[in-house]
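1. Fold the following and give me the result.
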Amino acid sequence: MNATPAEAFDLLYAEAAPALAHQTYLLTGRRRPAEESVERAFQLAWERWPEVATDPDPAGWVRAAAYEYAVSPWYLLRRGYEQPDHPATDPAGSPLRAALLALPPAHRRALLLYDGLGLDLPETAAETEASTPATAGRLLHARAAVVRQVPELRTPGLLQERLSALTLNGPAPGLPTARAVRTGSERKARFWTRLTISCVVLLAAVTAFALVTAPNHYARPTGPPHRVEGVPPRGGPQQLTTADKKLWKKLSTARPNGPGRLVPRPE
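-> Numbers count the residues shown, from 1 in each chain. The predicted model follows:
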């Protein structure tokens, strides 16, 4: 009898989540981000379960998502996540943990996959979304940096042995149940669906309002008044001043006192 999607998810969660929590703790050095990364990766897996269920390696699919969240730079911006947690007394593992956390995130992830989990170089390159030569370069630099801090790991095979042991050790993960993860994933999916619908409705309402209130013809904007310079003076007779009007009135009413007016006469 075939298992239901929920049963298959719960089985994958029970088998992979605890070990994945130890691995992400080794990547981050912080318990809370490690647990959040694993929970978020499984929520994403349940959201895309048809894709995950048909994947050749469902555990690898979830691992890639968890690692991506674990080494995300935004975690470093959250308060309280600036410094790694203080691990329990572990004389053998503490120097290696410190050396691993000193590596760049991409180098740390490649080293954990290749030497810690035993993936081959092409698989490591595919999971880290890098080329094979770039992944090989990261591994070489990561190994050299770790050996500089922990010289005893120069012994062939010792780095892989210690790193494999660290992936299985760590604080007991405080992960939620598989059902809680599925419920949280469904709740987030409903939230984003409602938010998307609300945004679409709001955009449609704003568009309709703009169509109703928008002018249906072009109105030339009226510029502000300003003084026009360089206009020639108005032509024609000039306006009489008060003094000119008085003189004209005086001349028109006064009797002539000079010689008689010369009037041409025809012969």
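
2. Below-threshold pLDDT in the stretch 1-150 of the chain: ranges please.
-> 1, 75-93 (pLDDT under 70).

3. list the buried ones in stretch 122-133?
-> Under the neighbour-count criterion of 16 or more other C-beta atoms under 10 Å, stretch 122-133 has 123-125, 127-128, 130 buried. Every C-beta, even on glycine, is put in place using the N, C-alpha and C of the backbone.

4. now, among those residues, which is nearest to residue 47?
-> Taking C-beta to C-beta as the measure, residue 47 sits nearest to residue 127 out of the buried residues of stretch 122-133, at 20.1 Å.

5. For that closest one, give its distance to residue 41.
-> Residue 127 sits 13 Å away from residue 41, taking C-beta to C-beta, to the nearest Å as the criterion.

6. do residue 161 as well
-> For residue 161 relative to residue 41 (C-beta to C-beta), the value is 27 Å.

7. more neighbours, these two?
-> residue 41 (24 against 12; other C-beta atoms under 10 Å).

8. can you count the residues close to residue 181?
-> For residue 181, using other C-beta under 10 Å, the count is 23.

9. what's downstream of the one helix or strand it maps to, the next helix or strand?
-> Counting by DSSP states H and E, the element that carries residue 181 is helix 178-213. Following helix 178-213 in sequence order, the next helix or strand is helix 242-253 (DSSP H and E).

10. Is it correct that residue 178 is in contact with residue 7?
-> No - contact criterion C-beta atoms under 8 Å: residue 178 and residue 7 do not qualify, at 9.7 Å.

11. For these two, work out which one has more neighbours and name it.
-> The residue with more neighbours, out of residue 178 and residue 7, is residue 178; 19 against 11, by other C-beta under 10 Å.

12. what sits against the more buried one?
-> Contact partners of residue 178, counting by C-beta atoms under 8 Å, 6 or more residues apart in numbering, are 9-10, 13-14, 17, 42.

13. May I have stretch 26-45 as CSV, with CA atoms only?
-> Only the C-alpha atoms of stretch 26-45 are listed here, as CSV (Å, rounded to 0.1, in the frame of the first residue of the first chain):
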residue,chain,number,x,y,z
LEU,A,26,28.4,22.8,12.1
LEU,A,27,28.0,25.2,9.2
THR,A,28,26.7,28.1,11.3
GLY,A,29,28.1,27.5,14.8
ARG,A,30,24.7,28.7,16.1
ARG,A,31,21.9,26.4,17.2
ARG,A,32,18.9,28.7,16.6
PRO,A,33,19.8,29.5,12.9
ALA,A,34,20.6,25.8,12.3
GLU,A,35,17.2,24.7,13.5
GLU,A,36,15.4,27.5,11.7
SER,A,37,17.2,26.5,8.5
VAL,A,38,16.1,22.9,8.8
GLU,A,39,12.5,23.8,9.6
ARG,A,40,12.3,26.3,6.7
ALA,A,41,13.9,23.8,4.3
PHE,A,42,11.3,21.1,5.2
GLN,A,43,8.5,23.7,4.9
LEU,A,44,9.7,24.5,1.4
ALA,A,45,9.8,20.8,0.7
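
14. Many thanks, I have nothing further to ask.
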